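Participant: coordinates only, sequence not included:
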């Protein structure tokens with residue numbers, strides 16, 4: 001709520017101050033605080049954001065280090081989409097520090113009064129990363145479906161071109177959001193007692209952002225369910241030995257997977273991809289869709305729960321960094337080797353080494 005403080009109002013509180021004209025100030029001694037939640041709640045949220053940023057920076061930074069130091073990981077081009085997700089989460093955790101630190105430094109138990117220009121500008125990485133993350137999620141699902149439904153095409157696919165295309169689409173959509181956000185935001189109006197970017201955005205932009213995110217969420221959800229169905233079908237038929245002619249034909253096009261030693265690695269790659277999709281569903285798709293619907297209904301949910309968009313992105317980044325190492329064979333081996341022996345050199349294992357142009361086994 002924005003208030004213009006006039007001379008008559010000031011004279012009532014402090015006679016003799018003279019002619020005073022200012023904006024966006026509330027005397028809480030005579031006015032109840034309009035905060036939707038206790039001030040300490042928002043402080044707790046802000047501190048949680050800083051903790052998640054540190055965890056995401058550390059976890060994703062560790063995985064990037066594994067890629068840089070392990071030759072086999074660098075040469076496996078089918079892991080580049082995974083590396084892209086790690087790098088975007090890593091950069092996001094660093095680039096949003098000014099945004100979250102501002103909330104902590106500007107916290108006040110009586111009243112919040114954040115500068116709209118600083119909030120909007122420092123949140124640019126948030127606006128861009130949300131679209132980038134959604135596009136990467138969609139492309140991960142597409143990548144897995146290609147591997148399962150069209151393995152011959154997948155084997156010959158240019159993975160780096162696919163990765164660059166993914167990044168370009170995400171950045172373009174994110175840039176469009178930033179331009180529209182700046183064009184619609186009124187920076188000379190301060191929103192008191194609100195600790196979230198949504199409070200400073202124009203309602204029209206919030207509606208557009210919510211609808212566009214929900215559209216991408218719908219696509220991601222459909223593809224995620226499709227991946228789940230395909231994984232369940234392949235796992236079920238493989239376990240009871242009922243693979244049909246079509247399944248055998250597809251599997252025969254992937255000779256590196258068909259051996260008993262590597263079939264498990266193929267299923268682990270599928271499991272890793274699906275795990276990332278589930279994380280995105282839990283921390284991004286469901287919350288953003290819910291908030292989008294609520295915002296369209298006219299409720300200012302941002303003012304109630306605070307900066308939840310960045311909370312979801314950071315939580316997804318931390319969860320992804322854990323899932324990578326837990327479910328991917330080569331990453332897990334490289335992590336153990338580095339932590340236990342302080343070395344990137346690995347002993348020979350049963351995992352087949354991947355040539356730079358091969359895009360199927362071990363990766364996703």
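Facilitator: Looks like it arrived, so ask away. These numbers were taken from a predicted model, which means no experiment stands behind them.
Participant: hmm, which helix or strand of this structure has the shakiest average pLDDT?
Facilitator: Least confident helix or strand of the chain, by mean pLDDT, DSSP states H and E, is helix 7-13 with a mean of 38.
Participant: show me the contacts for the residue lying closest to residue 70 once chain neighbours are set aside.
Facilitator: Leaving aside its chain neighbours, residue 70 sits nearest to residue 334 (4.6 Å; criterion: C-beta to C-beta, 6 or more residues apart in numbering). Bear in mind the C-beta positions are built from the backbone N, C-alpha and C, glycine included. Residues near residue 334 by C-beta atoms under 8 Å, 6 or more residues apart in numbering: 66, 69-70, 72-73, 344, 346.
Participant: could you do residue 80 as well?
Facilitator: 159-160, 163.
Participant: need the buried ones from those residues selected in ChimeraX.
Facilitator: Entered in ChimeraX, the line below selects the buried ones among the contacts of residue 80, by 16 or more other C-beta atoms under 10 Å:
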select :159,163
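Participant: which one of the contacts of residue 80 is nearest residue 83?
Facilitator: Taking C-beta to C-beta as the measure, residue 83 lies nearest residue 163 of these, at 8.1 Å.
Participant: circling back to that earlier point, format the contacts of residue 80 as a markdown table; extra columns: secondary structure and pLDDT.
Facilitator: Formatted as a markdown table, the contacts of residue 80 follow (DSSP: H, G, I helix; E, B strand; the rest coil; pLDDT from 0 to 100):
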| residue | secondary structure | pLDDT |
| --- | --- | --- |
| 159 | helix | 88 |
| 160 | helix | 90 |
| 163 | helix | 94 |
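Participant: make CSV out of the contacts of residue 80 and add distance to residue 224.
Facilitator: Putting the contacts of residue 80 into CSV (distance: C-beta to C-beta, whole Å) gives the following:
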residue, distance to residue 224
159, 21
160, 24
163, 20
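Participant: quick check: of the contacts of residue 80, which lies closest to residue 87?
Facilitator: Nearest to residue 87 among those is residue 163, at 10.5 Å by C-beta to C-beta.
Participant: show me the contacts for the closest one.
Facilitator: Contacts of residue 163 (C-beta under 8 Å, 6+ apart): 80-81, 84.
Participant: residue 323 now?
Facilitator: Per C-beta under 8 Å, 6+ apart, neighbours of residue 323: 272, 275-276, 279.
Participant: over to residue 146?
Facilitator: 153-154, 157.
Participant: need the next SSE after the host helix or strand of it, C-terminal direction.
Facilitator: Residue 146 belongs to helix 124-149 when elements are defined using DSSP states H and E. For helix 124-149, the following helix or strand on the C-terminal side (DSSP H and E) is helix 151-156.
Participant: where does pLDDT dip in the stretch 201-350 of the chain?
Facilitator: Scanning the stretch 201-350 of the chain with the threshold set as pLDDT under 70 gives 236-269, 298-300, 346-350.
Participant: 50 instead?
Facilitator: 248, 251-262, 348-350 (pLDDT under 50).
Participant: residue 276 contacts residue 137, correct?
Facilitator: Yes - with contacts counted by C-beta atoms under 8 Å, residue 276 reaches residue 137, the gap being 7.4 Å.
Participant: and residue 306, what are its phi and psi?
Facilitator: Phi and psi for residue 306, reported as degrees, to the nearest 10, are phi 80, psi -160.
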